[in-house]
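> please find the sequence and the predicted model below.
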Amino acid sequence: MLPWVVRRTRLPLLSLRCADCRSESATTGDGRFRVNANGKLLDVWLLVRCVSCGRTSKLTVHERVPVRSLDPAELRGYRVNDPGLVASRLLDPLLARRSRFTLDWTGAWRLDAPPASLDEAWPVQVEVAFEDPVPVRPDRLIAQRLGLSRNEVLRRIKCDTPLRRPTSSGFRFTVMPAD
């Protein structure tokens, strides 16, 4: 069984329309939160910046929540701009749905795999694991790594996961010998 791992290399861009220049891409940059206290209530925003014009916008993480309802470690993470907390909030599907953005993973991930050697004993089994929810099409991932055409991938690969649909969860496949 060959292990392949899909890893994030940086935070993905956000597909989010800018109010000033109408660009469709924004970034969290180094990742910063803004925490605002109003009495015993807190507002927490994740700051994002337009890639074209540099305008800063806010994505609401928490709105008017009592201070005591937040975990002290989480609150400290917001105050010190913890990179792990920035990544977890950015990858949170509820925040994406509420703030109406999608993630653009282009160039933000890599595949770590041992050298492809199809001269081994047949069939060859491969297990693909994901460290972050990077959506990839299995047929493209396999074709790129093994140097096969996508038609050949569809012919030679046996897999329970649909090969032409994006997935962000681990899967296994078997490479069958060429005819």
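Nice, I can see it.
> partners of the lowest-mean-pLDDT helix or strand in the chain, with directions?
Every helix and strand of the chain was ranked by mean pLDDT, DSSP states H and E. The lowest is strand 25-38, at a mean of 90. Here strand 25-38 has these sheet partners by DSSP bridges: strand 13-15 (antiparallel), strand 41-50 (antiparallel).
> could I get those strands in a markdown table, plus columns for mean neighbour count, distance to Arg110 and mean pLDDT?
Glycine gets a C-beta too; all of them are placed from N, C-alpha and C. A markdown table is the format used below for these (neighbours: other Cβ atoms under 10 Å; distance: least, Cβ to Cβ, whole Å; pLDDT from 0 to 100):
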| stretch | mean neighbour count | distance to Arg110 | mean pLDDT |
| --- | --- | --- | --- |
| strand 13-15 | 20 | 16 | 93 |
| strand 41-50 | 20 | 24 | 95 |
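> got CSV for the ones you listed, with distance to Glu74 too?
Compiled in CSV, the strands paired with strand 25-38 are given as follows (distance: least, Cβ to Cβ, whole Å):
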stretch, distance to Glu74
strand 13-15, 22
strand 41-50, 9
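> out of those, nearest to Gly31?
strand 41-50 (7.7 Å; Cβ to Cβ).
> about what we covered before: out of the strands paired with strand 25-38, flag the one nearest Arg100.
strand 13-15 (9.7 Å).
> now do the strands in the protein.
2-8, 13-15, 25-38, 41-50, 56-66, 102-104, 109-112, 124-130, 157-159, 171-175 (DSSP state E).
> what distance do you get for the spatially most central residue of the chain to Thr174?
Per Cα atoms, centre = their mean, the C-alpha nearest to the average position across the chain is that of Val134, at 4.0 Å. Computed as Cβ to Cβ, to the nearest Å, the Val134 to Thr174 distance reads 23 Å.
> need phi/psi at the nearest residue to Arg17 once chain neighbours are set aside.
Of all residues not flanking Arg17 in the chain, Glu24 sits nearest, at 5.8 Å (Cβ to Cβ, 6 or more residues apart in numbering). With angles defined as degrees, to the nearest 10, Glu24 sits at phi -110, psi 10.
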